[in-house]
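J.: predicted model, plus sequence, below.
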Amino acid sequence: AEGRAAGAAALERRREEGRRARLAEAAGEDEWKESKVRVEGISGRCGDLHADVESLVAVVSEVEATRQALSGQLAERRRRLEQMQGLRREAGGRGGGWSEEE
């Protein structure tokens, strides 16, 4: 009788361990599914951010090209201004002080 009782108690312990293991497995599976959903969300966001970065790089490249073009135009206009100022100085020095009436 004691052997049967001990065997029944051992069997009940095993069943309880099995139930706990199944509950732990179910909880682990739920956690895994939630993690998978989070990772998919993060991956999607990462893709969006990558596209944003590519777009910003294109804008920066365009701005840099515009800056270079404007720098070239500015340098040319400065050169022309200096040339005109030099011509005015030469004209003022040669004319012996032209008046407005002349």
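T.: Arrived safely, thanks for sending.

J.: how much space separates residue 27 from residue 34?
T.: The gap separating residue 27 from residue 34 is 11 Å, by C-beta to C-beta, to the nearest Å. C-beta: built from backbone N, CA, C; applies to glycine.

J.: what about the chain, any weak spots by pLDDT?
T.: 94-102 (pLDDT under 70).

J.: now do the helices in this structure.
T.: Assigned by DSSP state H, the helices in the chain fall at 2-94.

J.: centre-most residue in it?
T.: residue 53 (4.5 Å; C-alpha atoms, centre = their mean).

J.: check contacts around it.
T.: By C-beta atoms under 8 Å, 6 or more residues apart in numbering, the contact list for residue 53 is empty.

J.: please tell me how far it sits from residue 60.
T.: Counting by C-beta to C-beta, the gap from residue 53 to residue 60 is 10 Å.

J.: please apply the same query to residue 49.
T.: 16 Å.

J.: what touches both of residue 53 and residue 60?
T.: Contacts common to residue 53 and residue 60, judged by C-beta under 8 Å, 6+ apart, are absent.

J.: ok, how many other residues are close to residue 64?
T.: 10 (other C-beta atoms under 10 Å).

J.: can you check residue 62 too?
T.: 10.

J.: before we move on, what about residue 17?
T.: Residue 17 has 10 nearby residues by other C-beta under 10 Å.

J.: ok, it - contacts?
T.: Per C-beta under 8 Å, 6+ apart, neighbours of residue 17: none.

J.: got it, and residue 10?
T.: Contacts of residue 10 (C-beta under 8 Å, 6+ apart): none.

J.: could you measure from it over to residue 18?
T.: Taking C-beta to C-beta as the measure, residue 10 falls 13 Å from residue 18.

J.: again, but for residue 87
T.: Taking C-beta to C-beta, one finds residue 87 at 102 Å from residue 18.
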